[in-house]
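Undergrad: Just the structure for this:
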Amino acid sequence: MSDLTKNNSSSSGEGQNNPIMVEVTRGNMVESIHRASYAVVDTDGKVVLSGGDYEKITYGRSAIKCMQALPLIESGAADAFDLTDAEISIACASHDGQPEHVETVLKWLKKIDCTEDDLECGSHLPYHIPSMVDLLKNGGSESALHNNCSGKHTGFLTVCKQLGYDLKGYVKYEHPLQQRILGAMETMCGMDLGDAPRGIDGCGIPVIGVPLANIALAMARFADPSDQPEARQEACQRINNAIAAEPFMIAGSDRFCTKIVEATKGRALIKTGAEGVYTGIIPELGLGIALKADDGVTRSAETVIGMILKHLKVIDDETAHTMKDVLEPPLFNRAGIQVGQVRAAQNVRF
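TA: This next block holds a predicted model:
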């Protein structure tokens, strides 16, 4: 990165405690706290807003699915198979397995002459509880179609079909598809990742360790890809436009990601990842966001990215008021009585 300018008193430092960003109240007492690190970066690599150890190497998990979707556009596969905005959006999704998600993936698989048996992501029940109940009530069972990553994996199969790659083992690090994705990540993150830490994600594909600020740089390059090659510019724009047009596909009707993209009308394109990772693409400002909750808890990561979006005025005061229960959710007991709240920590300053 060309410039890691620090403008937060809690800025980077290995071993330094990350700032307390979120507190959870019960009654008139703070019962729990969450620490996090974050970086907001422009396309030049300048960190314009930060907190905590933003140089810490982090697995981007599902928060970087937009990068993994770049070959889907750049290979010509999206055009060859006439992909819709809904299909491109679900390629970047961690969806809830609602019927519309499953139907979109199933139709796409048929379009490329594949079946769910070709998906190597594994299976689980829908995350969306009503959909799961309906499925089981009607004698159904979990399948790879319900996997929150099934859209991404269908995108992988589509690239393999387009480029003549072997469909078997497409999740393996050495597979040409994954090497193509690694190359896209390197150019977007601005660094060589050949020797980066790596592991296996929940859906079976490689996860690559990248400094948090470099993940934010990649998101900034999505937000403003004007300094990228023409094919990359077009791919970034097409992915951004698809997510903005089809926010339901990126997550689901009850999900934070979908609600924020809808409420901001695509001004903020945000994406969750496992273990408290979140990213954001802010096209009108040319900024990228990446954050990591220390304890890996999603509720804290959602609260932090909401705080950042409010500070950047991407979420205005009126929208923040309307979405208060989304941005700082109340907590209820089993009797439906509000007993507390997840909120920004009182000492947070931007």
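Undergrad: can we go C-alpha only for contacts and neighbour counts from here?
TA: OK.
Undergrad: Longest helix in the chain, please.
TA: helix 230-245 (DSSP state H).
Undergrad: who touches the next helix or strand after it?
TA: Downstream of helix 230-245, the first helix or strand assigned by DSSP states H and E is helix 247-250. Applying C-alpha atoms under 8 Å, 6 or more residues apart in numbering, the contact partners of helix 247-250 are 86, 89-90, 92-95, 101, 243, 257-259, 261-262, 271.
Undergrad: buried sites along the next helix or strand after helix 247-250?
TA: Next helix or strand after helix 247-250 toward the C-terminus (DSSP H and E): helix 256-263. Neighbour counts over helix 256-263 (16 or more other C-alpha atoms under 10 Å) mark 256-262 as buried.
Undergrad: Specify which member of those is nearest to F332.
TA: F256 (18.2 Å; C-alpha to C-alpha).
Undergrad: show me where pLDDT drops low in the stretch 251-350 of the chain?
TA: Of all residues in the stretch 251-350 of the chain, none has pLDDT under 70.
Undergrad: try 90
TA: 347-350 (pLDDT under 90).
Undergrad: ranges for the strands of it?
TA: For the stretch 251-350 of the chain, the strands defined by DSSP state E, counting those that start in this stretch cover 269-273, 277-282, 287-293, 330-332, 338-344.
Undergrad: Adjacent strands (with direction) for the second one?
TA: Sheet partners assigned to strand 277-282 using DSSP bridges are listed as strand 269-273 (antiparallel), strand 287-293 (antiparallel).
Undergrad: With the fourth one instead?
TA: Looking at strand 330-332 with DSSP bridges, its partner strands are strand 338-344 (antiparallel).
Undergrad: Can you list the buried residues in the partner strand?
TA: Burial within strand 338-344, assessed by neighbour count using 16+ other C-alpha under 10 Å, is assigned to 340-344.
Undergrad: before we move on, what about stretch 32-47?
TA: 33-47.
Undergrad: Go ahead and confirm D85 touches Q237.
TA: No. The pair D85 / Q237 is not scored as a contact, 11.7 Å apart, by C-alpha atoms under 8 Å.
Undergrad: Among the two, which residue is more densely surrounded?
TA: Applying other C-alpha atoms under 10 Å to D85 and Q237 shows that D85 carries more neighbours, namely 21 against 15.
Undergrad: Can you tell me the closest non-neighbouring residue to the more buried one?
TA: Spatial nearest neighbour of D85, chain neighbours left out: A242 (4.5 Å); criterion: C-alpha to C-alpha, 6 or more residues apart in numbering.
Undergrad: now F332
TA: Excluding the flanking residues, the one nearest F332 by C-alpha to C-alpha, 6+ apart is Q338, at 4.2 Å.
Undergrad: how about the one you found, what does it touch?
TA: 330-332.
Undergrad: so can I have TSV of these showing neighbour count and distance to T187?
TA: Listed next are the contacts of Q338 as TSV, based on neighbours: other C-alpha atoms under 10 Å; distance: C-alpha to C-alpha, whole Å:
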residue	neighbour count	distance to T187
P330	18	41
L331	16	42
F332	13	45
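Undergrad: So in this structure, which strand runs the longest?
TA: strand 29-42 (DSSP state E).
Undergrad: Counting by contacts, list what that one packs against.
TA: strand 20-26, strand 47-51, helix 212-223, strand 287-293, helix 298-311 (3 or more C-alpha pairs under 8 Å, 6 or more residues apart in numbering; DSSP states H and E).
Undergrad: Now tell me what touches the last one from outside.
TA: Put plainly, it is helix 298-311. Contacts for helix 298-311 (C-alpha under 8 Å, 6+ apart): 21-22, 34, 36, 256, 268, 274-278, 291-293, 315-317, 320, 327-328, 342-344, 350.
Undergrad: Provide a list of residues in contact with the residue nearest to D85.
TA: Neighbours of A242 in contact, by C-alpha under 8 Å, 6+ apart: 85-86, 88-89.
Undergrad: got it, and D192?
TA: By C-alpha under 8 Å, 6+ apart, the neighbours of D192 are E186.
Undergrad: From E186, how far off is it?
TA: Applying C-alpha to C-alpha, to the nearest Å, the value for D192 to E186 is 6 Å.
Undergrad: Quick one: mean pLDDT over the longest strand of the chain.
TA: When pLDDT is averaged along strand 29-42, the result is 98.
Undergrad: likewise stretch 201-217?
TA: Mean predicted confidence for stretch 201-217 is 98.
Undergrad: how far out from the middle of the chain is it?
TA: A distance of 11 Å separates the centroid of the chain from that of stretch 201-217, by C-alpha atoms, centre = their mean, to the nearest Å.
Undergrad: thinking again about what came up before, the helices and strands packed on strand 29-42 into TSV, with extra columns for distance to A251?
TA: Below are these laid out as TSV (distance: least, C-alpha to C-alpha, whole Å):
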stretch	distance to A251
strand 20-26	23
strand 47-51	27
helix 212-223	18
strand 287-293	18
helix 298-311	14
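Undergrad: Quick check: which of the ones you listed is nearest to L109?
TA: The nearest among the helices and strands packed on strand 29-42, by C-alpha to C-alpha, is helix 212-223 at 27.0 Å.
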